[in-house]
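[1] I would like the atomic coordinates for the input below:
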Amino acid sequence: MSALLLPEEIEALFTREDGSYTFSRWGRPITPIVFGVTDETLATVKGAVEAVVTLAGHKMAETDPELGANLMFFFFRDWNELLEVPDLDRMIPGLAPLVSRLSEEDASQYRAFRFDEDGGIRAAFVFLRMQGGMAEMPAEALALTQAVQVMLLWGDRAFAEVSPLAVLPENGNTILRPEIAGVIAAAYDRMLPVSAQDASHALRLYARLQALPAEGSTT
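    Predicted coordinates for the structure are as follows:
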């Protein structure tokens with residue numbers, strides 16, 4: 001496969017700031033819901049999620065039997081708007097101090113995950129403040145970036161310096177970088193666990209990457 005990452009590069013993608021290795025993937029079908037956007041943007045976000053889920057060989061569903069929707073996207077202009085969302089404080093413990101901290105940091109995005117007993121992702125909440133650079137991003141690129149970042153529990157700085165996306169010079173289309181697409185596909189291999197805390201898991205991902213066929217990336 002082209003653009004194959006080295007084991008240490010894969011390990012870095014799932015290493016947290018404290019040096020611990022933490023990997024998790026969805027253990028149940030994904031049911032997305034999007035708040036605060038137009039119907040057109042809603043379709044773009046759900047389309048991006050579906051494209052990445054298909055790449056992973058995972059499944060989507062109309063409803064989650066326990067939660068209704070288990071992947072929630074919130075688009076807004078000011079963090080304080082979250083305090084007005086009904087029952088959100090029940091889903092996000094400590095919402096008020098979190099909003100205060102994110103406002104002080106002038107943060108543009110925040111993701112929160114919930115996990116099943118086996119460590120698999122049970123639910124994810126994506127908060128996007130549409131100001132500045134975030135508001136200027138093309139909807140397709142923004143949606144694909146966010147879909148990628150909730151498909152796995154990535155390390156704190158996995159995409160801090162290099163975006164998971166790339167722009168094709170020949171036509172200007174935005175694609176998911178082949179090496180990241182490969183990691184996602186490998187991570188959902190049925191022979192691998194839904195969660196891992198040992199860095200040796202990165203070696204297993206590397207082995208699966210070598211076995212993947214060379215193919216195009218999600219657009």
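[2] can we go C-alpha only for contacts and neighbour counts from here?
    OK.
[3] mind listing the helices for the protein?
    7-13, 39-56, 88-91, 95-104, 133-136, 139-151, 178-187, 200-211 (DSSP state H).
[4] lowest average pLDDT across those?
    Among those, helix 133-136 carries the lowest mean pLDDT, a mean of 85.
[5] what lies in contact with that one?
    Counting by CA atoms under 8 Å, 6 or more residues apart in numbering, helix 133-136 makes contact with Ser108, Leu128, Arg129, Leu142, all of which sit outside it.
[6] got a list of what the first one touches?
    Spelled out, that is Ser108. Leu128, Arg129, Met130, Gln131, Met134 are the contacts of Ser108 under CA under 8 Å, 6+ apart.
[7] got it, and the last one?
    By CA under 8 Å, 6+ apart, the contact set of Leu142 is Met134.
[8] quick one on the thing from earlier: any idea which of the helices of the chain is most buried?
    Each of the helices of the chain was scored by mean neighbour count; the highest is helix 178-187, a mean of 23, by mean count of other CA atoms under 10 Å.
[9] send me that helix as PDB with only the CA atoms.
    Below are the C-alpha coordinates for helix 178-187, written out as PDB (Å, rounded to 0.1, in the frame of the first residue of the first chain):
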ATOM      1  CA  PRO A 178      -4.300   7.700   2.000                       C
ATOM      2  CA  GLU A 179      -2.200   6.800   5.100                       C
ATOM      3  CA  ILE A 180      -5.000   7.900   7.400                       C
ATOM      4  CA  ALA A 181      -7.600   6.100   5.400                       C
ATOM      5  CA  GLY A 182      -5.500   3.000   5.700                       C
ATOM      6  CA  VAL A 183      -5.300   3.300   9.500                       C
ATOM      7  CA  ILE A 184      -9.000   3.700   9.800                       C
ATOM      8  CA  ALA A 185      -9.700   0.600   7.600                       C
ATOM      9  CA  ALA A 186      -7.100  -1.400   9.500                       C
ATOM     10  CA  ALA A 187      -8.400  -0.300  12.900                       C
END
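[10] which one (most neighbours) among the contacts of Ser108?
    Top of the contacts of Ser108 by neighbour number is Leu128, holding 22 neighbours under the definition other CA atoms under 10 Å.
[11] wait, doesn't it sit right on Phe75?
    Yes: look at Leu128 against Phe75 with CA atoms under 8 Å: they come within range, at 5.0 Å.
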